[in-house]
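>>> Everything below, folded, please.
(2 chains)
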Protein chains: 2
Amino acid sequence: MAKGITKRSENYSQWYNDIVIKAGLAENSAVRGCMVIKPYGYAIWEKMQAALDTMFKETGHENAYFPLFIPKSFFAKEAKHVEGFAKECAVVTHYRLRTTADGKGIEVDPDAKLEEELIVRPTSETIIWNTYKGWIQSHRDLPILINQWANVVRWEMRTRLFLRTAEFLWQEGHTAHATEQEAIAETKQMINVYANFAENWMAVPVIKGSKSESERFAGAIDTQAIEALMQDGKALQAGTSHFLGQNFAKAFDVKFADKDGNLSHVWATSWGVSTRLMGALVMAHSDDNGLVLPPKLAPYQVVIVPIYNNMEQLDQMTEKANEIMAILRKNNISVKYDGRDAFRPGHKFAEYELKGVPIRIAIGPRDLEQGNIEIARRDTLEKKVYPQTEMLEVIKNLLDEIQINIYQKALKFRNENTFKTDSYEEFKKILDTTGGFILAHWDGTTETEEKIKEETKATIRCIPFDSPLEEGKCMVTGKPSIRRVLFARSY
Amino acid sequence: MAKGITKRSENYSQWYNDIVIKAGLAENSAVRGCMVIKPYGYAIWEKMQAALDTMFKETGHENAYFPLFIPKSFFAKEAKHVEGFAKECAVVTHYRLRTTADGKGIEVDPDAKLEEELIVRPTSETIIWNTYKGWIQSHRDLPILINQWANVVRWEMRTRLFLRTAEFLWQEGHTAHATEQEAIAETKQMINVYANFAENWMAVPVIKGSKSESERFAGAIDTQAIEALMQDGKALQAGTSHFLGQNFAKAFDVKFADKDGNLSHVWATSWGVSTRLMGALVMAHSDDNGLVLPPKLAPYQVVIVPIYNNMEQLDQMTEKANEIMAILRKNNISVKYDGRDAFRPGHKFAEYELKGVPIRIAIGPRDLEQGNIEIARRDTLEKKVYPQTEMLEVIKNLLDEIQINIYQKALKFRNENTFKTDSYEEFKKILDTTGGFILAHWDGTTETEEKIKEETKATIRCIPFDSPLEEGKCMVTGKPSIRRVLFARSY
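Next comes the predicted model:
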């Protein structure tokens, strides 16, 4: 490709990386595993944040902010949590540097050692539940429905832009409830919010379900997830919502008095999505020409490129573009005009294809004369000439159509790549050829799950909520199973 | 006070702390020097962010995100910068914990020591200029106009909620330019944006000016600041904009080729405001009843409290409140209804005064019957009964009036507490009695500045842009001076 993007069919992983870099979404930084999110990538993340934040507020949540650092001892309070998180993390041990003896450099000042080391938060359950202890005495203090937008750090050894980075941005909801039912309902509500966002904003179809025990969040009773299928046939976990039971309330001794003054431990949930969604967005829709963005998340939905032979014509096109932009903006359609004289139209076309801008308008002298306008859509690469009078209607319809079309395309791909099998041999064959989601019977044991993972690298993505009760036999052990679960290799 | 707020006149510092805590803005956390920003406080911060972010975008800036961690060696590259920042900071030395030998606790794994320590960013010039090196080759890559919303850490020994905390939230703009003039113009533009925000959103009058050499940002050629006067006569620096010259471009070897291919170092600015603004907001307007919020930054501008004797009446008031809310929301006025039956109206009145809600509506059975409504304003505590038909107009006008009134009140206070003196004795007397801003002549030397600071604890807040040229003599040394500078004790 002229744009320097590796073909998807040749090397999927390199294709992904090329798009992230060349479309200006993100790049690696000088700090191992930490990325720089560039303006175009960050603008998409801001759109995601805005949509999610609105949904969180509509479901009664408020934002707050808790400390970046967590005292080491807090992790030790919830046994499973420390297993899952405290091991691979950034540890702050000192609070001062000093000039070296030769006066030329700087070094850690050994006199400035912290009494207790601080962990850079990998997730905030512990510091938040330690805080909630001070906020909750009575049933009247409940529920607490709080979300936090923050950065977190998990010391990953093998990192990939957006998909797995040492530092990433995310939101984490942490709620406290008087009853088990209420906490379970909250867990479900939030996985539904995530599914709604994935499908209707990102245009990525997802399967909702519960994780198997071994894939649960460290400290959760039930972890619910949305799972999406990428174009290489691998699954990507796009969001999780955890029912935490009373585990954190017990670890941090958080009790409330009910109306009769009886004390009980509080029930909890937590839920989060991260900049990993950016990776899902890229992988779900892009092609060999670059990104394909859903109109609802595109930093600008329309780009206007002038075609001209001299500066006088450029001025005419600019004038026309200003008219068009005024009309579109009045209709809440975001638009950018690229009047740079240093680049030719063909170069600009390729650039905006690479950046996945949903609609491109080109206007040249002949169009102007004839009252026409050329409109191209990124998803199908089709272009067509319309009378200028129809411009607004055409663009409005196209934006809706593109949003739906790329969802339908992804759904079709997923349907074509979701298989049912009762044979472990066939299961392996599918994984080694097309990949995809596989619905199969499993005996419910961690041993079998581990064996499958070891032999095939596939894991149970979830036990889908909509998986019907069905008598069957585990494809590996032949033991009885009551429903199929969803397997795949995954990111 | 019934609300448990210390009187401002009795103990200003305790009064401030009481308001921050009791109004539910923030509290100290289990981590030394780190605060928890509670939902009501965070909602104000979100309003600040939204207004500032719009202003940044309107002046051509884009958001991006850079790593939390900075390699230690980066700090050593800019000599003054390391002096100013790298000394008191959080240092990450390890990336793993392990279970202790007795299996009961966790400890830092000595095998997981980083080759080079990472500093939790106290500010991001170094990591960003190291990144810009890869982005800038030609004049066509300039300007770069980027802002980042982020958390930063400075290991402060004495902390106070919002005003000085180890971790705080802020935005930091980092721009790169081809010419010195352009960078200077950007520095000025952003200090003007900050002044506009402080005065027209926060309702806090500010004085714009340049810092003296000793108060400059570590690595800047010129630091411009906005300075506000708090109700105890102390100054608070509310925002800074730095012209960095070519210092960081030289430290990180960032050059660009002009049209003729000649290489030059890039010119830079950086500028920031932080959650410290929350402290300024509280200190500038609050009184012994609690917070006083400017309508433009209030999480909800109007609160409705029902007055009733039985549940039937409550239902009637709720119905009326829903009508009122629909009208207000249609007019983009944010409103909350407090129909909690567990609390009496008097309790609610006190709570919303404490929280600084600009307007309170009370409706009771008699009002309903007579077609009236009681409207109280927080700034003056006046309440008045109006016909319900006038409600919308009254509230619209009141919101404007309150925004202007609290600004005028703060301006009047500042004017009454800004003094001119040519006598060092009087200077000291002012500081020890009323406090306030003092315009005085200074000989321009760091020695004199230091002497004044040592003897009076007052510092040069800035050399105001609008300070007229005026022949004078330094109040301390008698040496010639060409303009007055602004002194105060400060936060």
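
>>> Let me know the outermost residue of chain A.
Centroid-distance maximum for chain A: residue A:102 at 48.1 Å, with CA atoms, centre = their mean.

>>> Tell me the pLDDT of that residue.
Per-residue pLDDT puts residue A:102 at 86.

>>> tell me the contacts of it?
Going by CB atoms under 8 Å, 6 or more residues apart in numbering or on different chains, residue A:102 touches no other residue. Glycine gets a C-beta too; all of them are placed from N, C-alpha and C.

>>> In a helix, it, correct?
No. According to DSSP: H, G, I helix; E, B strand; the rest coil, residue A:102 belongs to no helix; its state is coil.

>>> and the gap between it and residue A:412?
66 Å (CB to CB, to the nearest Å).

>>> Let me see the ranges of the strands in the stretch 101-250 of chain A.
A:106-108, A:113-120, A:144-153, A:167-177, A:207-210, A:222-229, A:235-245 (DSSP state E, counting those that start in this stretch).

>>> As JSON lines, those strands with mean pLDDT and mean neighbour count would be great.
Listed next are the strands of the stretch 101-250 of chain A as JSON lines, based on pLDDT from 0 to 100; neighbours: other CB atoms under 10 Å in any protein chain shown:
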{"stretch": "strand A:106-108", "mean pLDDT": "92", "mean neighbour count": "16"}
{"stretch": "strand A:113-120", "mean pLDDT": "96", "mean neighbour count": "18"}
{"stretch": "strand A:144-153", "mean pLDDT": "98", "mean neighbour count": "21"}
{"stretch": "strand A:167-177", "mean pLDDT": "98", "mean neighbour count": "23"}
{"stretch": "strand A:207-210", "mean pLDDT": "98", "mean neighbour count": "22"}
{"stretch": "strand A:222-229", "mean pLDDT": "98", "mean neighbour count": "26"}
{"stretch": "strand A:235-245", "mean pLDDT": "98", "mean neighbour count": "25"}
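
>>> for the ones you listed, which one sits closest to residue A:358?
Proximity to residue A:358 (CB to CB) singles out strand A:222-229 among the strands of the stretch 101-250 of chain A, at 20.3 Å.

>>> Adding distance to chain B, write the strands of the stretch 101-250 of chain A out as a markdown table.
As requested, the strands of the stretch 101-250 of chain A are arranged in a markdown table below (distance: least, CB to the nearest CB, whole Å):
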| stretch | distance to chain B |
| --- | --- |
| strand A:106-108 | 6 |
| strand A:113-120 | 6 |
| strand A:144-153 | 6 |
| strand A:167-177 | 5 |
| strand A:207-210 | 29 |
| strand A:222-229 | 23 |
| strand A:235-245 | 20 |
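
>>> now these in a markdown table, with distance to residue A:323?
Shown next, in a markdown table, are the strands of the stretch 101-250 of chain A (distance: least, CB to CB, whole Å):
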| stretch | distance to residue A:323 |
| --- | --- |
| strand A:106-108 | 58 |
| strand A:113-120 | 51 |
| strand A:144-153 | 38 |
| strand A:167-177 | 38 |
| strand A:207-210 | 46 |
| strand A:222-229 | 40 |
| strand A:235-245 | 41 |
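
>>> Residue A:299: which of the ones you listed is closest?
strand A:167-177 (16.7 Å).

>>> So which elements touch that closest one?
Applying 3 or more CB pairs under 8 Å, 6 or more residues apart in numbering or on different chains; DSSP states H and E, we find strand A:167-177 packed against helix A:39-58, helix A:125-135, strand A:144-153, helix A:180-200, strand A:267-274.

>>> Among these, show me which one is buried the most.
strand A:267-274 (a mean of 26; mean count of other CB atoms under 10 Å in any protein chain shown).

>>> List the pairing partners of it within its sheet, with orientation.
Applying DSSP bridges to the sheet, strand A:267-274 is found paired with strand A:167-177 (antiparallel), strand A:235-245 (antiparallel).

>>> returning to what we had before: can you tell which of the helices and strands packed on strand A:167-177 is closest to residue A:329?
helix A:39-58 (16.5 Å).

>>> now the angle between strand A:267-274 and the closest one, please.
With axes from the mean of the first three to the mean of the last three CA atoms, to 10 degrees defining the directions, helix A:39-58 sits at 160 degrees from strand A:267-274.

>>> Give me the angle between helix A:39-58 and helix A:180-200.
Using the same axes, to 10 degrees: helix A:39-58 against helix A:180-200 is 140 degrees.

>>> Helix A:39-58 vs chain B: in contact?
Yes. Using CB under 8 Å from any CB of the partner chain, helix A:39-58 reaches chain B at A:39, A:42, A:43, A:45, A:46.

>>> Using JSON lines, please lay out the strands paired with strand A:267-274 together with distance to residue B:390.
Below are the strands paired with strand A:267-274 laid out as JSON lines (distance: least, CB to CB, whole Å):
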{"stretch": "strand A:167-177", "distance to residue B:390": "42"}
{"stretch": "strand A:235-245", "distance to residue B:390": "47"}
